[in-house]
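Trainee: Give the three-dimensional model of this entry:
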Amino acid sequence: MDNLFSLYIHIPFCENRCSYCDFFSSTDDSFVGSVVDRLCEDIRFFGAEFDWGVDTLYVGGGTPSFISESYMEKLFTNLDLSNVREATIEVNPKSISKEKLDFYWDLGINRLSMGVQSFDNNLLKQIGRDSTKDINISACQTVASHWKGKINYDLINCIEGQKKDQVIQDINLLHQYRAGHISVYNLTLNHQSKNMPEIEKATEQTLKSLGYKKYEISNYAKLNEKSQHNLAYWNLDNFYGIGPSASGTFTKNKKHYRRETISDIKKYISRPPEKSYTEEKIQPIDFAIDYLIMNSRLIEGIDLAKYQKKCGFDLTKLIPQTISKWQNYSLIKITPTHLKFSSKGINQLNQFLVEALSEIEK
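Mentor: Alright, predicted model coming up:
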């Protein structure tokens, strides 16, 4: 099928709001049934609009494992997963069980992503995580022994007061629990550890020693374990998001568009699908900027031929001054096929983008 999309479904409910989380969610579960009904309506409506096939699926939140199996089953009865290569669901350690894992597998889900964040009780408490070391270990043991598909675990790094040895221990534990993929996200600046460089170095070295290859700024995978859904984001392939606050970027009739759903549960469930989002036509130069921002996160670098084919611009001519400056400092190199950051350069990606976007906007 040619018209394949990556589909994100946002389940905006959590048992507890974590202090570090910026995603839209609510702890009021009285609207779960209405939101699920509305999500089903979206799947049918937008599926008909785009006549899509789902290439990758990601059910996130919020906490998807927080809602009941009956609601999840209702949601999935509206999905055609016949073309799906990867179907991921986010789960919380507190709401996972062997029975629920079997249920997800039978739905057609083949990849699990669990937010462990840390195995240290003090650090979990500090970031407002409603979990403990024992809960996390028990959940990881259940997943490792019972889940039939691929496994990703999330960790949060550089928490204030966090030590290098704690990070190493966390990674080693996740490795024991069949992690094929590990995502490591640094906490926002105002809460970061003072020994951030040491922690980042220990993280990369430990993961590399255990066979995990860094393929994106925050993501590490063993062979054939990369997140195909997230790669669709970073490559700006067609992706669509449904549910409160979900967004999507897609190309239709050779024109680029961005849609964003309203971030209000009551408004979302009370409006028809066609009235629940805003749409913006993305100009070619803006799409080229978006692609540069997203694609530069990949460790393999930016495929120059693909960039020109997808965006209509020669990147080396779009930002020649920035490229020249960063080449002179050995922070990037231009190969016959790619713009690739050095290990030092990738750590300064934000500054590169500031300079590149400034040059484009001149």
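Trainee: a strand runs through residue 59, doesn't it?
Mentor: Yes - secondary structure of residue 59 (DSSP: H, G, I helix; E, B strand; the rest coil): part of a strand.
Trainee: show me the contacts for it.
Mentor: Residue 59 makes contact with 8-9, 11, 87-90, 109, according to CB atoms under 8 Å, 6 or more residues apart in numbering. In this view, the C-beta of every residue, glycine as well, is placed from N, C-alpha and C.
Trainee: List the ones among those residues that fall in strands.
Mentor: If you go by DSSP state E, those have 8-9, 11, 87-90 in strands.
Trainee: Taking the residues you listed, tell me the two that lie furthest apart.
Mentor: Greatest spatial distance in those: 11 and 87, 14.3 Å, computed using CB to CB.
Trainee: show me where pLDDT drops low in the stretch 1-150 of the chain?
Mentor: 1-2, 18-19 (pLDDT under 70).
Trainee: on that earlier part again, show me which of residue 11 and residue 87 is the more surrounded one.
Mentor: More neighbours surround residue 11 than the other of residue 11 and residue 87, with 26 against 23 (other CB atoms under 10 Å).
Trainee: who wins for most neighbours among the ones in strands among the contacts of residue 59?
Mentor: Busiest of the ones in strands among the contacts of residue 59 [other CB under 10 Å] is residue 11, holding 26 neighbours.
Trainee: does it have beta-bridge partners, and which?
Mentor: Taking DSSP bridges as the rule, residue 11 bridges to residue 61.
Trainee: Taking the centroid of this protein, which residue is nearest it?
Mentor: For the chain, the residue nearest the mean C-alpha position is residue 230 (5.3 Å; CA atoms, centre = their mean).
Trainee: wait, that one sits on residue 219?
Mentor: Yes - the pair residue 230 and residue 219 passes the contact test of CB atoms under 8 Å, sitting 7.0 Å apart.
Trainee: just to revisit the earlier point, mind listing what the residue nearest to the centre of the chain touches?
Mentor: Contacts of residue 230 by CB under 8 Å, 6+ apart are 216, 219.
Trainee: Provide the backbone phi and psi angles at it.
Mentor: phi -70, psi -30 (degrees, to the nearest 10).
Trainee: What of the one 5 residues further on?
Mentor: Reported as degrees, to the nearest 10, the phi and psi values for residue 235 are phi -100, psi 10.
Trainee: how near is it to residue 283?
Mentor: 20 Å (CB to CB, to the nearest Å).
Trainee: the more surrounded of these two?
Mentor: Shown here are residue 235 and residue 283; by other CB under 10 Å, residue 235 has more neighbours (16 against 11).
Trainee: on that earlier part again, distance-wise, check the residue nearest to the centre of the chain relative to residue 167.
Mentor: Using CB to CB, one gets 22 Å for the distance from residue 230 to residue 167.
Trainee: Next: residue 271.
Mentor: Counting by CB to CB, the gap from residue 271 to residue 167 is 45 Å.
Trainee: Looking at those two, which one has more neighbours?
Mentor: When neighbours are counted by other CB under 10 Å, residue 271 and residue 167 differ, and residue 167 comes out ahead with 24 against 15.
Trainee: Does that one lie in a helix or a strand, and which?
Mentor: helix 164-176 (DSSP states H and E).
Trainee: What is that helix packed up against?
Mentor: Counting contacts by 3 or more CB pairs under 8 Å, 6 or more residues apart in numbering; DSSP states H and E, helix 164-176 packs against helix 133-146, strand 150-157, helix 196-209.
Trainee: To residue 94, which of those lies closest?
Mentor: Short answer: helix 133-146, nearest of the helices and strands packed on helix 164-176 by CB to CB, at 6.0 Å.
Trainee: Distance from that closest one to the middle of the chain?
Mentor: Relative to its chain's centre, helix 133-146 lies at 22 Å (CA atoms, centre = their mean, to the nearest Å).
Trainee: Kindly export that helix (C-alpha atoms) in PDB.
Mentor: C-alpha atoms of helix 133-146 as PDB (Å, rounded to 0.1, in the frame of the first residue of the first chain):
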ATOM      1  CA  LYS A 133      12.500   0.600  43.200                       C
ATOM      2  CA  ASP A 134      10.600  -2.600  44.200                       C
ATOM      3  CA  ILE A 135       7.700  -1.700  42.000                       C
ATOM      4  CA  ASN A 136      10.000  -1.000  39.000                       C
ATOM      5  CA  ILE A 137      12.000  -4.200  39.500                       C
ATOM      6  CA  SER A 138       8.800  -6.300  39.800                       C
ATOM      7  CA  ALA A 139       7.400  -4.800  36.600                       C
ATOM      8  CA  CYS A 140      10.600  -5.300  34.700                       C
ATOM      9  CA  GLN A 141      10.700  -8.900  35.800                       C
ATOM     10  CA  THR A 142       7.200  -9.400  34.700                       C
ATOM     11  CA  VAL A 143       7.900  -7.800  31.300                       C
ATOM     12  CA  ALA A 144      11.200  -9.700  30.800                       C
ATOM     13  CA  SER A 145       9.700 -13.100  31.600                       C
ATOM     14  CA  HIS A 146       6.300 -12.800  29.900                       C
END
